[in-house]
Structures are given as structure tokens and as C-alpha cells.
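Asker: how would this look folded up:
(one chain, ligands or ions: 1)
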Amino acid sequence: MKRATLDVFHQGEQVSTQTFSIQNTKATCTQCKTFGSLEIVYGRFNTSSALEEEFGKIVLSCPECDTWMNGILHQSWSNQETLEVIEINGSEKEAIMDEEILKISPEFPEIFNEAREMERQGFKNAGIVYRKSLEYLIKDYAISKAPSESGKIKSSPLAAVIKQHISLELLRECAEGATWLGNDETHYQRKHESMDIEDLKKLINLTIHVILAEVYAVMYKDRMR
Ligand SMILES: [Zn+2]
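Answerer: Residues are numbered from 1 along each chain as shown. Here you go, the predicted structure:
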């Protein structure tokens, strides 16, 4: 999370400046693909009527290759002083990871984005890299729940980790589904002919969302105590 002072606009005119926390700036540079080092150059936020969605714009730069990128900001549902980057240069939201996911699995977003880039370039094996990203995400999540069993979790097959360590039923179902499809990507013959890489991506995204739902629910439960 970074702090930045943005120009605040109302109905097309600048009315003030305000300091916000900006989430999800750890993204991949659209030019050189370096992960996690984007800097905030400029941002503006539009206040609007209560019925409209509140959006802002942000300009990010990559210190590695000096490329500037445009992002879209959205006010966090949990905190008015927090803005989330939800899109960079028109890329889909899934490429930008929530910081809570980065905390659980620091390597997952980079591997996931690597798979996206392979897929974009037409590599057939992108599915195998999606499968690898899923393994990192699930195992790191399991380790976050049982840190003392880290060694065993890392060396166990993914399916066994899901069975033994994922107690949240909805998460177990998503993760199992994604694992089956992911395994298909590594096999000579597919078992799930009707499912493809799009389904695998959807299941990985569902897995991310279920993990985040749990993280945020626990966070709020603690806060309300
Ligand atoms: Zn770059």
C-alpha cells in the first residue's frame, strides 16, 4: 500500500487535494513485465453524486524502463480513504492482485502474470504455468494456516494439501476443481474434454476471491470485537 496526495475534482473542477492510501500498485509493467516496482506519478479523484460510482485516474511509471501507464482507481468498499487500482492500460482486473493475496503468497501474482503473458503470446503451455501459480497460492495459503507444517506442505502433492489443510468447504471445492483442470494441462490426454484454459482461469480467480472473502471477513470480525 502506498500513500499519495491526489487532486480532488468535483464536476470537472479541482476543489482540493487529499492524501489517500493506494492499494494494488504492485502490478506488472505493461512494457518490460517487471513486477512490483511501479511508482505513482500523478493521480486525480472525482467526487460525484452518491448514486454514481466514484472513480479516479492514476499515472504510474516503471523505474526499470521509464514507461508511463494509466490506471483506473476505485474507492475501496471498506475504507473511503483507500483507493484501489482496478485496471492498468485497459488490462483486466485479474492481473492486478489484492495486497492481501500478496501477503499470503508473494510469488503467486508473478507466476500468474507470467502465464497470462505466455497465453497472450500464444504459447500452448500457458496452462501448465497457470497450474504452477495455483500450486503456490494454495500451498502458501495452507502454510499461512499451519506455519509449523510448512516443510510437509511444500513437499506434498497439491491434491493432498487441499484435502488435509483446506477446511473452508467452498474454497476446497474451487481449489479441487482448478487442480483437476490444471492437471489436465500437464497430461498427455485430457480427462475433462469440455473444460479448457478459460475454465482453469475462472476457477483460479474464484479461489482468489474465496480466500479474500475469508481474509476480509476475519479482519472485520476482529475489528468489531
Ligand atoms: Zn517497465
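Asker: this structure against the ion: which residues are in contact?
Answerer: For the chain, the contact set with the ion under C-beta under 5 Å from the ion comprises 29, 31, 32, 34, 62, 64, 65, 67. For every residue, glycine as well, the C-beta is placed using N, CA and C.
Asker: and the strands in the chain, which stretches?
Answerer: Ranges of strands within the chain are 2-10, 13-23, 39-47, 55-61, 68-75, 82-88, based on DSSP state E.
Asker: what's the most buried one of those strands?
Answerer: strand 82-88 (a mean of 21; mean count of other C-beta atoms under 10 Å).
Asker: other SSEs contacting the lengthiest helix in the chain?
Answerer: In the chain, with assignment by DSSP state H, the single longest helix is helix 197-224. When contacts are defined as 3 or more C-beta pairs under 8 Å, 6 or more residues apart in numbering; DSSP states H and E, helix 197-224 sits against helix 99-104, helix 126-145, helix 169-186.
Asker: identify, out of the ones you listed, the most deeply packed stretch.
Answerer: Highest mean neighbour count of the helices and strands packed on helix 197-224: helix 126-145, a mean of 21 (counted as mean count of other C-beta under 10 Å).
Asker: returning to what we had before: widest-spaced pair of the residues of the chain next to the ion?
Answerer: 34 and 67 (9.7 Å; C-beta to C-beta).
Asker: residue closest to the middle of this structure?
Answerer: By C-alpha atoms, centre = their mean, the chain has its centre lying nearest to residue 97, at 2.0 Å.
Asker: residue contacts, that one?
Answerer: 24, 26, 27, 108, 109, 112, 208 (C-beta atoms under 8 Å, 6 or more residues apart in numbering).
Asker: next one: it from the ion, what distance?
Answerer: 17 Å (C-beta to the ion, to the nearest Å).
Asker: let me know the pLDDT of the closest residue in space to residue 82 that isn't next to it in sequence.
Answerer: Using C-beta to C-beta, 6 or more residues apart in numbering and skipping the chain neighbours, the partner closest in space to residue 82 is residue 76 (3.9 Å). pLDDT for residue 76: 78.
Asker: surely residue 20 and residue 82 touch.
Answerer: Yes. Applying C-beta atoms under 8 Å, one finds residue 20 in contact with residue 82, separated by 6.6 Å.
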